[in-house]
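> take this sequence and fold it.
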Amino acid sequence: MVQCHFDAFRHLICGHCFCVACITKIQQTNASPACPACRAPIAINDPQPIYLDLVADKPLARVVAEGITRMDADSKLVSVRTAERKLRQTVEEMEEREEAAGELRVALADFSDRVVPLFKRARSQTSELLSLKKKLEETEGLLTILRETQLKLREEVRDANARAEVQRAREAEAQAHGEVHKLKGFLERGAQDRNSHRSKLKAVMEERDALQQQLQQLRNEMQRRDCSSSTACDDDDDLEIEEEVLLSDDLDEDPQPQRVSTVAKFTPLVSFEGMARPGFGSDWQIGRGTKRKERDEPPPSGFPITLNHGRTTVAVQLGPKHSRRVKVR
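Here you go, the predicted structure:
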């Protein structure tokens, strides 16, 4: 066996070989040197020398056997001695190989007894591990599907809750609109009733003003009549004005506080001329004429007028029977 030392080349860990000059240039010019072929990093001590071992392509025993076969009577003595030396070397190597073969057989038996079961167990464990990995992948896939389903269900629940909340809000809004519409109806009806009451009140007030005006006219007429009458009129003939007030049903349905109308008491004016003649005493009074028969009970008087919230409770007579009657319109 011949060993050859190639000093001009270096072998890297990645398996590529370059010359010493190229490797040195790469290490000096680059902060992080790398292999030009595979870009694997190059450390300082990575480049190693290259050694070449030259061996025969045939076993030594076969080479020696072929050489001896070619020898004959014409062979040189040197060749014979060389063949003898090679034969002895071959025998020694074969003996060494026998010892090595015995050791190999012992190691093989130990390998078969100890290592092979381990490899079988490792192979079975590897297959079991692959099966477990497959099951794990299936479980992870199922877990992924379950997670996606869970997310989808959560979104559906969130959407359902949002829709329910919107529905409740709409129902509450509709109910509020209904209440508002109902209140608006109440307000409108109240406004209509108020306007109706106002119109009725206005009509009643106008009617009252008309009656007061008519009453005032009657009073003025009565005053004119009293002024034109003579002084001999009987003071017992009281002037009365009868007024029949017809109250409408609307006033009964809508009682409103009315201002109490007071009737001013009228005192007849007595007009006379001149002075009393001689002989009249200080206790002189106007002649009363023929006295009427005294009544046991005075006739009922219509004064003061009984009112209830500004309205008369009974028919009121404000004048003599023969006086003018005024009917309220």
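> contacting residues for residue 195?
With C-beta atoms under 8 Å, 6 or more residues apart in numbering as the criterion, no residue contacts residue 195. Where you see a C-beta, it was placed from the backbone N, CA and C, and this is true even at glycine.
> so residue 43, which state does it fall into?
At residue 43 the chain is in coil, as set by DSSP: H, G, I helix; E, B strand; the rest coil.
> to clarify, my last question referred to residue 10.
Applying three-state DSSP: residue 10 is strand.
> now the phi/psi pair for the residue lying closest to it once chain neighbours are set aside, please.
Distances taken as C-beta to C-beta, 6 or more residues apart in numbering put residue 47 closest to residue 10, at 3.5 Å, once the chain neighbours are dropped. For residue 47, the backbone dihedrals (degrees, to the nearest 10) come out as phi -60, psi 130.
> helices of the chain, residue ranges please.
With DSSP state H as the criterion, the chain has helices at 20-29, 60-70, 77-110, 116-228, 249-253.
> average pLDDT for stretch 197-214?
What stretch 197-214 shows for mean pLDDT is 91.
> let's have the chain start at 26 instead
Sure thing, new numbering starts at 26, so read that last one as stretch 222-239.
> what are the C-alpha coordinates of it, in PDB please?
This file holds the C-alpha atoms of stretch 222-239, laid out as PDB (Å, rounded to 0.1, in the frame of the first residue of the first chain):
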ATOM      1  CA  HIS A 222    -115.600  73.900  25.800                       C
ATOM      2  CA  ARG A 223    -114.100  77.200  24.900                       C
ATOM      3  CA  SER A 224    -116.600  77.600  22.100                       C
ATOM      4  CA  LYS A 225    -119.400  76.700  24.500                       C
ATOM      5  CA  LEU A 226    -118.100  79.000  27.100                       C
ATOM      6  CA  LYS A 227    -117.800  81.800  24.600                       C
ATOM      7  CA  ALA A 228    -121.400  81.200  23.500                       C
ATOM      8  CA  VAL A 229    -122.500  81.200  27.100                       C
ATOM      9  CA  MET A 230    -120.600  84.400  27.800                       C
ATOM     10  CA  GLU A 231    -122.100  86.000  24.700                       C
ATOM     11  CA  GLU A 232    -125.600  84.900  25.800                       C
ATOM     12  CA  ARG A 233    -124.900  86.200  29.300                       C
ATOM     13  CA  ASP A 234    -123.800  89.600  27.800                       C
ATOM     14  CA  ALA A 235    -126.900  89.700  25.700                       C
ATOM     15  CA  LEU A 236    -129.100  89.000  28.700                       C
ATOM     16  CA  GLN A 237    -127.300  91.600  30.700                       C
ATOM     17  CA  GLN A 238    -127.800  94.100  27.900                       C
ATOM     18  CA  GLN A 239    -131.500  93.200  27.700                       C
END
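> so for it, what gets flagged as buried?
Buried residues in stretch 222-239, counting neighbours by 16 or more other C-beta atoms under 10 Å, are found at 225, 229, 232, 233, 236.
> now do stretch 60-72
Under the neighbour-count criterion of 16+ other C-beta under 10 Å, stretch 60-72 has 60, 67, 71, 72 buried.
> need the residues you listed in JSON lines (columns: distance to residue 145 and pLDDT).
Converted to JSON lines, these look like this (distance: C-beta to C-beta, whole Å; pLDDT from 0 to 100):
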{"residue": "60", "distance to residue 145": "40", "pLDDT": "90"}
{"residue": "67", "distance to residue 145": "42", "pLDDT": "88"}
{"residue": "71", "distance to residue 145": "39", "pLDDT": "84"}
{"residue": "72", "distance to residue 145": "43", "pLDDT": "86"}
